[in-house]
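Colleague: any chance you can model this:
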Amino acid sequence: MIHVLVLHGPNLNLLGTREPEIYGSTTLPELEAQVTAWASDLGIECSFFQSNHEGALIDALHHARERVDAVLINAGAFTHYSYALHDALVAVDKVTVEVHISNIHAREDWRRHSVISPTTDHLVYGRGLRGYHDGLRRIATSLAHRAEKVSYGSSPVEYGELRLPSGEGPHPVAVLIHGGFWREMWTLDLMDGLAVSLAANGWAAWNIEYHRVGGGGGWPTTLEDVGQAIDHLKELAGSHRLDLDNVAAIGHSAGGQLALWSASRPRLYDEEPAKEAPLRPQRIVALAAVADLALAHTKGIGDDAVEGLIRRSPADGAQRYRTASPVELVPLGARQLIVHGDADDLVPIEIARSYAEAATKAGDEVTVHEVPGGDHFEVIDATSAAWGAVIDWLG
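Modeller: Have a look, this model is predicted:
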């Protein structure tokens, strides 16, 4: 059993009544009950502490030092100026996930900076109360199989997490590309469970981050990051015993679009020709993928998320679709598995069906696996039958 201290800072005792338009109507006791239920499903036991006093929070961390395996912390306003709390987290030295209910990057300037983030293993924000669930999942997967963080570029968001299977290798490689409608608050932790599952099944899992919309991303930066992250496997292959002749790209939702795109790797029209051939995955797994950007835009998925990615201009809008939308790029020349729930209300299954038809007509080898009653997230649940079908297909 994993033991986690859930630490809440100032004013979080007023959840449910404090600015409910931002923080919701759920009270702190109700949140703790929900966190306890989520934790039980993940094999985690939680203890809770809340205080409006900096010293009390530090004392709680000190007291838990030898008693817990990890810390989930929402430090409230102390997030932005408590270097004493920063030092306490360093001293405790546990797997730590920082969580915030609101999108702190879309609020006042002072809320956008966290002095404790450099001490934590991951930051989850802007996802409402679901962020606590995702933070717990991050802790569970981090403790189940620690990842090696590797930079593939100069930006802080240009990195990936590599998990290797047992054995000497060479290991087949699965590139994991998370979704979230290309928006900044959704990060690579969404694919943690799949990464652990892949490593347990003999695959090296390269779970990548990239610039998202709201954090410097969008066309073409987001696409270029994904290409750069995949190409970085060439530098890792020797030292980590990776088999680059057996590479699969696995993407969910917006990440599904990026995974499919990666098999084509077209040259963006304002980009210099590549100095060497890009590394192209031989197989693609598209999980609830946004495989047709024009159709997705017409349907307004994700509150017009496609417009945020493409950032069309009158001069080159059509060209951007041609360089980014998978349906415009077929045949991709890679074997493809399309997995989609028929009850997905975020990315309608019609998008998967129309893409599969177009790719097949263009000559690609495409397998479609529809999940009866499946929603948008079942396909990234590592315990689901849908994910089991992916593992079987990968072989």
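Colleague: where does the stretch 151-300 of the chain have low pLDDT?
Modeller: Applying pLDDT under 70 to the stretch 151-300 of the chain flags the ranges 266-275.
Colleague: the strands in it, which residues?
Modeller: 159-163, 171-177, 204-208, 242-252, 283-287 (DSSP state E, counting those that start in this stretch).
Colleague: quick one, what contacts the closest residue in space to Asn103 that isn't next to it in sequence?
Modeller: Using C-beta to C-beta, 6 or more residues apart in numbering and skipping residues adjacent in sequence, the residue nearest Asn103 is Gly126, 3.3 Å away. Where C-beta positions appear, they are placed from N, C-alpha and C, glycine not excepted. Residues near Gly126 by C-beta atoms under 8 Å, 6 or more residues apart in numbering: 100, 102-106, 184-185.
Colleague: which of those tops the neighbour count?
Modeller: His100 (23 neighbours; other C-beta atoms under 10 Å).
Colleague: quickly list what that residue is bridged to.
Modeller: Assessed by DSSP bridges, His100 has beta-bridge partners Tyr125.
Colleague: burial count for Gly216?
Modeller: 13.
Colleague: same question, Ala356
Modeller: 21.
Colleague: check the secondary structure at it for me.
Modeller: Three-state call for Ala356 (DSSP: H, G, I helix; E, B strand; the rest coil): helix.
Colleague: how near is it to Trp203?
Modeller: Ala356 is 24 Å from Trp203, where distance means C-beta to C-beta, to the nearest Å.
Colleague: nearest residue to the middle of this structure?
Modeller: Within the chain, one residue has its C-alpha closest to the average C-alpha position: by C-alpha atoms, centre = their mean, that is Leu188, at 2.6 Å.
Colleague: I'd guessed Ala294 sits against Tyr321; true?
Modeller: Yes. Applying C-beta atoms under 8 Å, one finds Ala294 in contact with Tyr321, separated by 5.9 Å.
Colleague: which one's more surrounded, the two?
Modeller: Tyr321 (19 against 14).
Colleague: I'd like the strands of the stretch 151-300 of the chain as TSV, with distance to Val379 and mean neighbour count appended.
Modeller: Output for the strands of the stretch 151-300 of the chain, formatted as TSV (distance: least, C-beta to C-beta, whole Å; neighbours: other C-beta atoms under 10 Å):
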stretch	distance to Val379	mean neighbour count
strand 159-163	20	22
strand 171-177	13	26
strand 204-208	16	28
strand 242-252	7	22
strand 283-287	4	29
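Colleague: identify whichever of these lies nearest to Arg18.
Modeller: Smallest distance to Arg18 across these (C-beta to C-beta): 33.9 Å, for strand 242-252.
Colleague: return the distance of the closest one from the chain's centre.
Modeller: 17 Å (C-alpha atoms, centre = their mean, to the nearest Å).
Colleague: for it, name the packing helices and strands.
Modeller: In terms of contacts (3 or more C-beta pairs under 8 Å, 6 or more residues apart in numbering; DSSP states H and E), strand 242-252 is packed against strand 171-177, helix 233-240, helix 254-264, strand 283-287.
Colleague: need the contact list for Gly179.
Modeller: By C-beta under 8 Å, 6+ apart, the contact set of Gly179 is 186, 190, 251-256, 288.
Colleague: could you flag which of the residues you listed are buried?
Modeller: By neighbour count, with 16 or more other C-beta atoms under 10 Å, those hold 186, 190, 251-256, 288 as buried.
Colleague: mind putting those residues in TSV, distance to Thr221 included?
Modeller: Below are these laid out as TSV (distance: C-beta to C-beta, whole Å):
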residue	distance to Thr221
Trp186	16
Leu190	20
Gly251	17
His252	20
Ser253	19
Ala254	14
Gly255	15
Gly256	19
Ala288	23
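Colleague: OK, contacts around Ile104?
Modeller: Ile104 neighbours (C-beta under 8 Å, 6+ apart): 79, 111-112, 114, 125-126.
Colleague: repeat that for Leu162.
Modeller: 147-148, 150, 204-207, 236, 240.
Colleague: again, only using 6 Å
Modeller: 148, 150, 206 (C-beta atoms under 6 Å, 6 or more residues apart in numbering).
Colleague: what sits closest to Leu28 if chain neighbours are left out?
Modeller: In space, and not counting its chain neighbours, Leu28 is closest to Leu15: 4.6 Å by C-beta to C-beta, 6+ apart.
Colleague: so how far is Ser51 from the one you found?
Modeller: 14 Å.
Colleague: these two: which is more packed in?
Modeller: Between Leu15 and Ser51, Leu15 has the larger neighbour count (other C-beta under 10 Å), namely 24 against 19.
Colleague: quick one: the more buried one and Ser25 touch, right?
Modeller: No. Leu15 is beyond contact range of Ser25, at 8.7 Å (criterion: C-beta atoms under 6 Å).
Colleague: on that earlier part again, among the helices and strands packed on strand 242-252, which comes closest to Leu136?
Modeller: Short answer: strand 171-177, nearest of these by C-beta to C-beta, at 19.7 Å.
Colleague: if we can go back for a sec, now render the strands of the stretch 151-300 of the chain as TSV, adding distance to Gly333.
Modeller: Formatted as TSV, the strands of the stretch 151-300 of the chain follow (distance: least, C-beta to C-beta, whole Å):
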stretch	distance to Gly333
strand 159-163	24
strand 171-177	17
strand 204-208	21
strand 242-252	13
strand 283-287	10
